[in-house]
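Engineer: Here you go, sequence then predicted model.
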Amino acid sequence: MTQTKAPAGGADLPASIEVAWGLRERPVKGPKPGMTLARIVDAAVAVAASEGLGGVSMGRIAKDLGASTMSLYRYVSAKDELYVLMQDAAMGPPSPLPAPEGGADWRAALAEWARAQRRVLHRNLWMLRVPVPGPPVSPNSVAWWEQGLQCLEGTGLDADERNSVVLLVNGFVRNEALLTGDLAEAGAVRGIPAQEVRAGYNRTLNRLVDPVHHPSLSRLLESGTPGVRGGSDREFGFGLERVLDGIAALVDIKSG
């Protein structure tokens, strides 16, 4: 796969992000050659996967790698940079979208793009706790952004509208994952199945909900619908289709 080259000039990037883009070599001076930015990032992702984002620290990563804490700062100067690189590694490059049948189908392509992001988040719940510092700047995040925009080629939407649609769908995916991601991550760190964590929350909700003060929620629970389903595919699909319905209405207006 040919590596995408980041645009030259423009905004200044941290040295570690430039290394991720292949625009900068490893430090000339520093620890033994066996230490690399990729090893640091992989170690950080492993800690986040097993202990949550709160377990990630420069000291902990250095210990796992058998290096000094200060040696890591020659590769990544701040934890915020490390978070960006961790997310980039966990996301990986986007898989090619299926070739549409009978011509371009923006809706099917965008739906698959959204589902692919959801799968990444569900595999890496710690990502939901990472603050969003700004627009994407790392290689894989930019590649996902590009793919989202490509889904909308030929819709008649202008560049700004296509970008707004991508942000809308991305926000829906992230918010859906956030709805139950914290509960699931907390259970994973404690070694408790996500389904059991959600069931415990629903039992608590049934104890707290008062039909007088929460009539609509009471009727929901009485119907047998859990208060938290845990990001079911059905609920995600329903929400995504409604978002796509709104985008389709805009596409129809622009093409009319």
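Structural biologist: Now that the structure is in, tell me what you want to look at. Everything numeric here is computed off the predicted structure, so don't read it as measured data.
Engineer: Every contact and neighbour count from this point should use C-alpha atoms.
Structural biologist: Fine.
Engineer: Can you give me the buried ones in stretch 112-126?
Structural biologist: 112-118, 121-122, 124-126 (16 or more other CA atoms under 10 Å).
Engineer: Same list, those, but as JSON lines with pLDDT and distance to residue 195 please.
Structural biologist: Converted to JSON lines, the buried residues of stretch 112-126 look like this (pLDDT from 0 to 100; distance: CA to CA, whole Å):
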{"residue": "112", "pLDDT": "95", "distance to residue 195": "25"}
{"residue": "113", "pLDDT": "97", "distance to residue 195": "26"}
{"residue": "114", "pLDDT": "97", "distance to residue 195": "23"}
{"residue": "115", "pLDDT": "96", "distance to residue 195": "21"}
{"residue": "116", "pLDDT": "96", "distance to residue 195": "22"}
{"residue": "117", "pLDDT": "96", "distance to residue 195": "21"}
{"residue": "118", "pLDDT": "94", "distance to residue 195": "18"}
{"residue": "121", "pLDDT": "93", "distance to residue 195": "17"}
{"residue": "122", "pLDDT": "88", "distance to residue 195": "13"}
{"residue": "124", "pLDDT": "93", "distance to residue 195": "17"}
{"residue": "125", "pLDDT": "88", "distance to residue 195": "15"}
{"residue": "126", "pLDDT": "91", "distance to residue 195": "18"}
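Engineer: Would you mind measuring from the closest residue to residue 53 other than its chain neighbours to residue 90?
Structural biologist: In space, and not counting its chain neighbours, residue 53 is closest to residue 126: 5.5 Å by CA to CA, 6 or more residues apart in numbering. Noted for residue 126: a distance of 10 Å to residue 90, by CA to CA, to the nearest Å.
Engineer: roughly how far is whichever strand or helix holds residue 83 from the heart of the chain?
Structural biologist: Residue 83 belongs to helix 79-91 when elements are defined using DSSP states H and E. For helix 79-91, the separation from the chain centroid amounts to 11 Å (computed by CA atoms, centre = their mean, to the nearest Å).
Engineer: Go through the helix or strand bottoming out on mean pLDDT in the chain and flag the buried ones.
Structural biologist: The weakest-scoring helix or strand in the chain, judged by mean pLDDT, DSSP states H and E, is helix 194-208 (a mean of 77). Residues of helix 194-208 classed as buried by neighbour count (16+ other CA under 10 Å): 194, 197-199, 201-202, 205.
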